[in-house]
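**Q** Build me a model from this:
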Amino acid sequence: MPAVAPRSPWWRFALLVAVLAAAAGSLLLWSPTELLSGGLADRMPGYWFGPLFALVYAVGTLAFVPRPALNAAAGLLLGIQQGVLLAVLGTTVGAALAFVLGRGLGREALRPYLRGKVLGALDRRFTEQGFRSVLVLRLLPGMPFQAANYGAAFSGVRFLPFVLATAIGVVPTTAVYVTAAASAGRPGSAAFLLSAGVIALLVLGSVVGLWRAARTRRRATAG
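**A** Okay, here's the model as predicted:
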């Protein structure tokens, strides 16, 4: 069996897996949500708090912390307006970091597996309509944030359309979760009731989407 060349793309892919595993494993030592909603505000001067909050949020997404939890911390600590702004910024920075990691370390190794009919069609769509494709992913309820990041990185979409589509597409869901957390102390308020209702619809849409996807797979298998 031939030895794997030192410059083989699979070495870089293995490094990507190691980096992501280390990021996820770091949650045993620290919690982004506890840091964001805990003593971070007391330890930092006001002018540093916003950028640091966005950075911790971004690293949290790389460590596979669910965005609803990070958004809830933003709402509880910062309120609606500043919470939405910094959560969207943190989301965009985290997505950009994931894209750079995936494109630089994993894409070359996985490109040969994008030649199938379905994966090839998806790759062409992302290459030719990158902004629109990423925007649709961000707007779809229940679409895993990290999976979309690395899926885009492994495709042919360019960096700038990816970042712009992410920054725009995550605003609706981010605003909903931040608003719900910020108004949780007033459960009878219109803001809380509206945001809670939208969250319920998002959850329902995710369940329906998973059910339809499973049914489609069963039909394809039967066919």
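
**Q** Low-confidence regions, this structure specifically.
**A** 1-7, 38-46, 114-119, 187-196, 198-223 (pLDDT under 70).

**Q** at 80 instead, please
**A** Applying pLDDT under 80 to the chain picks out residues 1-8, 35-48, 111-123, 141-142, 184-223.

**Q** what's around Gly75, how many residues?
**A** 27 (other Cβ atoms under 10 Å). Glycine gets a C-beta too; all of them are placed from N, C-alpha and C.

**Q** which ones are touching the residue nearest the centre of the chain?
**A** The chain has Phe145 as the residue nearest its centroid, 2.8 Å off, counting by Cα atoms, centre = their mean. Counting by Cβ atoms under 8 Å, 6 or more residues apart in numbering, Phe145 makes contact with 61, 67, 91, 95.

**Q** go with 6 Å
**A** Arg67 (Cβ atoms under 6 Å, 6 or more residues apart in numbering).

**Q** Gly90 too?
**A** By Cβ under 6 Å, 6+ apart, the residues touching Gly90 are 54, 57-58.

**Q** Ok, Leu97 next?
**A** Leu97 touches Leu62, counting by Cβ under 6 Å, 6+ apart.

**Q** Tell me where this protein has helices.
**A** 9-25, 32-37, 40-43, 46-62, 67-78, 80-101, 107-110, 117-128, 130-139, 145-154, 159-169, 171-182, 190-222 (DSSP state H).

**Q** Next, format the contacts of Gly90 as JSON lines and append neighbour count and distance to Gly120.
**A** Shown next, in JSON lines, are the contacts of Gly90 (neighbours: other Cβ atoms under 10 Å; distance: Cβ to Cβ, whole Å):
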{"residue": "Ala54", "neighbour count": "21", "distance to Gly120": "36"}
{"residue": "Tyr57", "neighbour count": "27", "distance to Gly120": "35"}
{"residue": "Ala58", "neighbour count": "22", "distance to Gly120": "32"}
